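# Only the shape, not the letters, is given here:
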DNA sequence: AGACCGCGCATTGTCAACAATCTATATACT
DNA sequence: AGTATATAGATTGTTGACAATGCGCGGTCT
């Protein structure tokens, strides 16, 4: 998905993408032990590039590897998932503040246009958590990039989002509050449009904290099992 | 260096550690293009494990890789280095807050004992920036671990610190304010000992911001060239 | 019957040869 | 003379075979 920009696309990159999306989409279940040869036949690869991809994924925390014993998809506990949101809160708060200071006017227009699209999506696909989750991801993605903070964007897009999305796909956590989330997005975008970094940071932190609380209560209700 | 804990230590792990320390210590210069075969002979490895290690390092942002063209050590601009400190400010602030809430009493005692050691080091090794930098790293390391936030510690220890250390070794950035930094560390440790998370967060953010300002003025003076 | 030991098998880690791609040099053309 | 192109060399990417390690099964001893 969207790898057009890359000129030469090596087998290892292919393996990396395949595995990453497989993990995020839940085709590879957390905790399950997976053999290398099985993965090779599954994705039509040889073990060389595969192992390189496994190394990358391990380094990103999506896999755990024990020498001579095999790899398995990382399984995140409920506490760890909530901790992830604590990290997001601070990091995306920073991203929002820097985005307010640095995004181009054009990017801001695009950002707000994206939200219009999301609104239509929510109305059309009532309850289709998939599109909601993707829309949410899109919004946060734009802000991370808009921060013009290379490493920050890299950490958010490369490390955190994949772990969060992994559970979002599985649990549709964002369902239940799509309209509310959209409203929060709107206000954040508005603050960015007014170049009010402080406000954007505040709103973003509150937004993510709300999402975190939503998950926490669901877990306590028992309606969410991890 | 300190690989006793691991039972089986694969060649790829070895390659990873060798390269990482080589990059951090400056044996591998940023921007310089390095061939795979050269690295192999340099560290007594074969290309298989080496490539796996290269993948991991690329994924962590210490290397950049262009398909069929080779790898080179990442070169961070002055702006990017300062941005790194912005990220540290928020993330380590969070770490300090959570550490204040979650560290064991024993860990806190150890933390303060560490600071005593640092004080002696600073007095003995006047101006030896190396030990100062390592002492500083040690302090921040303990707090990251003490946060009991797996992913947060992983991101700080695995991603950010290596990049910062890379430039610390080269530029001895922390020199000039060792005593001041120690005093700031002391106050942070004190806040943690009193279980005052809010204060610990505030002090940590100010501490890192001070370090950032120190670097910024040095860059503007021209006494620091990157 | 239960526990411990040893062996065989499967899986992972490593290696060296082969194929594909890029870079640089030299040559021809404008 | 400067630019573009083609070719040669070197370097990276990939493959399949080989070696080393962990895991499970069966046997034996208490």
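Noted; the coordinates are in hand. Everything quoted here is computed from the prediction, not taken from an experiment.

# what's in contact with stretch A:184-193?
Surrounding stretch A:184-193, the residues in contact under the criterion C-beta atoms under 8 Å, 6 or more residues apart in numbering or on different chains are A:96, A:99-100, A:103, A:108, A:111-112, A:115, A:118, A:136, A:139, A:143, A:146, A:199-200, A:203-204, A:206-207, A:210. For every residue, glycine as well, the C-beta is placed using N, CA and C.

# and the lowest-mean-pLDDT helix or strand in chain A, what does it pack onto?
With mean pLDDT, DSSP states H and E as the measure, the helix or strand of chain A carrying the lowest mean pLDDT is helix A:161-171 (a mean of 82). Applying 3 or more C-beta pairs under 8 Å, 6 or more residues apart in numbering or on different chains; DSSP states H and E, one finds that helix A:161-171 makes contact with helix A:11-25, helix A:78-102, helix A:129-146.

# and the angle from it to helix A:11-25?
Regarding helix A:161-171 and helix A:11-25, their directions subtend 40 degrees when assessed with axes from the mean of the first three to the mean of the last three C-alpha atoms, to 10 degrees.

# Give me the buried stretch members for helix A:161-171, please.
Buried residues in helix A:161-171, defined by neighbour count with 16 or more other C-beta atoms under 10 Å in any protein chain shown: A:161, A:162, A:163, A:164, A:165, A:166, A:167, A:168, A:169, A:171.

# picking that back up, out of the helices and strands packed on helix A:161-171, which is closest to chain B?
For these, the distance to chain B is smallest for helix A:78-102, at 4.3 Å, taking C-beta to the nearest C-beta.

# what are the phi and psi values for the residue nearest to residue A:138 when sequence neighbours are not counted?
By the measure of C-beta to C-beta, 6 or more residues apart in numbering or on different chains, the closest residue to residue A:138 outside its immediate chain neighbours is residue A:114, 6.0 Å from it. Backbone torsions of residue A:114, given as degrees, to the nearest 10, read phi -60, psi -40.

# need the residues of chain A near DNA strand D, please.
In this structure, chain A approaches DNA strand D at residues A:10-12, A:45-49, A:52, A:66-69, judged by C-beta under 7 Å from any atom of the strand.

# Neighbours of the closest residue to residue A:39 other than its chain neighbours, how many?
Nearest residue to residue A:39, sequence neighbours excluded (C-beta to C-beta, 6+ apart): residue A:50, at 6.0 Å. Burial of residue A:50 is recorded as 22 neighbouring residues (other C-beta atoms under 10 Å in any protein chain shown).

# next one: residue A:214
Other residues near residue A:214 come to 19 when the count uses other C-beta under 10 Å.

# looking at it, it is touching residue A:177, isn't it?
Yes. Residue A:214 sits in contact with residue A:177 when judged by C-beta atoms under 8 Å, with a separation of 6.0 Å.

# got the contact list for the most centrally placed residue in chain A?
Compute the mean C-alpha point of chain A, and by C-alpha atoms, centre = their mean the closest residue is residue A:161, 2.4 Å away. Contacts for residue A:161 were tallied using C-beta under 8 Å, 6+ apart; they are A:137, A:140, A:141.

# Neighbour-wise, give me the winner out of these.
Busiest of these [other C-beta under 10 Å] is residue A:140, holding 24 neighbours.

# wait, doesn't that one sit right on residue A:93?
No. Under the contact definition of C-beta under 8 Å, residue A:140 does not touch residue A:93, with a separation of 11.8 Å.

# Identify the residue nearest the residue of chain A positioned farthest from its centre in space, chain neighbours excluded?
When distances to the mean C-alpha position of chain A are computed (C-alpha atoms, centre = their mean), the maximum falls on residue A:68, with 30.9 Å. Distance criterion C-beta to C-beta, 6+ apart; nearest residue to residue A:68, sequence neighbours excluded, is residue B:8 at 6.1 Å.

# cool, and residue A:158?
The shortest distance from residue A:158 to any residue other than its chain neighbours is 6.5 Å, reached at residue A:60 (C-beta to C-beta, 6+ apart).

# And the one you found, how far from DNA strand D?
Residue A:60 sits at a distance of 18 Å from DNA strand D (criterion: C-beta to the nearest atom of the strand, to the nearest Å).

# And that residue, its phi and psi?
Torsion angles at residue A:60 (phi, psi; degrees, to the nearest 10) stand at phi -90, psi 0.

# coming back round to it: select, out of the helices and strands packed on helix A:161-171, the one closest to residue A:39.
For these, distance to residue A:39 was read as C-beta to C-beta. The smallest value, 7.3 Å, belongs to helix A:11-25.

# Okay, now the sheet partners of the following helix or strand past the closest one, with direction.
Proceeding N to C from helix A:11-25, the next assigned helix or strand is strand A:33-34, under DSSP states H and E. Note on strand A:33-34: by DSSP bridges, its sheet partners are strand A:70-73 (antiparallel).

# picking up where we left off before, the residue nearest to residue A:138 is in contact with residue A:140, isn't it?
No. Contact between residue A:114 and residue A:140 fails when scored by C-beta under 8 Å: they sit 10.9 Å apart.
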